[in-house]
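> Following is a predicted model, sequence given first.
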Amino acid sequence: MVVVSKPAIEQFSSYLKNNKPTTLFTQIPLVDLSKPDSKHQIIKACEEFGFFKVINHGVPMESISVLESEATKFFSLPLCEKQKTGQTQPYGYGHKRIGTQGDVGWVEYLLLTTNQDPSLHSFQTLRVALNNYMKSVKKMACEILEMMADGLKIQPRNVLSKLLMDEESDSVFRVNHYPPCPNVQPLSGNGNGNGDVIGFGEHTDPQIISVLRSNNTSGLQISLREGSWISVPPDQTSFFINVGDSLQVMTNGRFKSVKHRVVTNSVKSRLSMIYFGGPPLSEKIAPLPSLMRGDQQSLYKEFTWFEYKKSAYNSRLADNRLIHFKKIAAS
Ligand SMILES: C=C1C[C@]23C[C@@]1(O)CC[C@H]2[C@@]12CC[C@H](O)[C@@](C)(C(=O)O1)[C@H]2[C@@H]3C(=O)O
Ligand SMILES: O=C(O)CCC(=O)C(=O)O
Ligand SMILES: [Fe+2]
């Protein structure tokens, strides 16, 4: 006979209380980019989750592993060396503090712009690895945005991808390193209510699309529409795609930007690399005219990416940043 101890039963019932049943069964949508029907799967995933995993992405494994090993070397340097990345806030090396509004996490990172030459003067091999990787990832992000346009039946098919291809595209790149976190008790005010320590607090990404890849350590979680959280099983050979706030607006709310966060692991470190594809600062962020049917109205006020970014960077991570840009519904 199997005897289940009372603490185990208590733990399971508290798990069920905090995680509505869908969390036990929900699968992350998987899109095989080499399949002819991938555009339909992408649309479905963006509507239901704002998040999906891609395989057969065409990014060479060599460029992934070279960047991972260069980044690992970088994060193992003494703090004073890492601080020599030579860029100004919010770019360059950072640790614990995320943004400027008081958010903290169990994380250190490198945040870089993609359009100017990232000034990693003393880190030439890392810089070369970053440039190679970013080139392939940007290409994949553009292909996915073109499949989205096809799936949405809008033309031209580069209506979204041209924003990332633009020389003035305001895209950013980030490498996050989450060292193992031995604390069993969450840092004060820094837990998620389930006893986990937060590496990167819940938020949506403000840009159009984010392309994330990590090593084989778990930690990433996404929030489902009804508010529960699911863990994303790590897969170091695949990429994960997030719908950002700007894409939510451009599809007039048809796609939803996904709320996500990272919890730390007590034994293994997590290394993630994220490309955030953004438009030029002067670009108007508004529903794509070819998507609007009949007398359909925009759900959002008019704004440029510069205006949205400025407002976003003055907000806390968990804030609902789009709320200030929503039109007030007429009663
Ligand atoms: C707390 C913040 C960090 C952030 C700027 C913000 O004020 C709100 C948005 C945050 C975010 C999330 C996605 C990306 O990691 C990021 C670089 C971005 O564009 O928006 C970060 C910002 C940051 O770390 O500076
Ligand atoms: O590090 C991760 O896996 C995700 C981090 C993230 O969401 C971000 O940097 O915006
Ligand atoms: Fe994010």
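Alright, I've got the coordinates. Residues are numbered from 1 along each chain as shown. Ligands and ions are numbered 1, 2, ... in the order given.
> what about Asn242, helix or strand, and which?
Take DSSP states H and E as the rule and Asn242 turns out to sit in strand 239-243.
> To clarify, my last question referred to Leu77.
Assigned by DSSP H and E, Leu77 belongs to no helix or strand.
> same check, this time on Gln221
In this structure, Gln221 sits in strand 220-223 according to DSSP H and E.
> what sits against the residue in the stretch 101-250 of the chain that ligand 2 sits nearest to?
Of the residues in the stretch 101-250 of the chain, the one nearest ligand 2 is Asn176, at a distance of 3.8 Å by C-beta to the nearest ligand atom. Where C-beta positions appear, they are placed from N, C-alpha and C, glycine not excepted. For Asn176, the contact set (C-beta atoms under 8 Å, 6 or more residues apart in numbering) comprises 107-109, 199-200, 262, 270-274.
> Tell me the one of these nearest ligand 1?
Ile274 (6.7 Å).
> about what we covered before: touching ligand 1 at all, the strand holding Gln221?
No - when contact is scored as C-beta under 6 Å from any ligand atom, no part of strand 220-223 falls within range of ligand 1; the minimum is 12.8 Å.
> Please apply the same query to stretch 249-258.
No - contact of stretch 249-258 with ligand 1 is not found when judged by C-beta under 6 Å from any ligand atom; the minimum separation is 10.4 Å.
> which residues does Gln248 contact?
Gln248 is in contact with 50, 255-257, 322, counting by C-beta under 8 Å, 6+ apart.
> all helices for the protein, in order.
For the chain, the helices defined by DSSP state H occupy 6-18, 22-25, 38-48, 61-75, 79-82, 124-151, 161-165, 245-250, 305-313.
> Buried residues of the last one, list them for me.
Under the neighbour-count criterion of 16 or more other C-beta atoms under 10 Å, helix 305-313 has 305, 307-309, 311-312 buried.
> and the two most separated of those residues?
Distance extremes for these: the farthest pair is Trp305 and Ser311 at 10.8 Å, using C-beta to C-beta.
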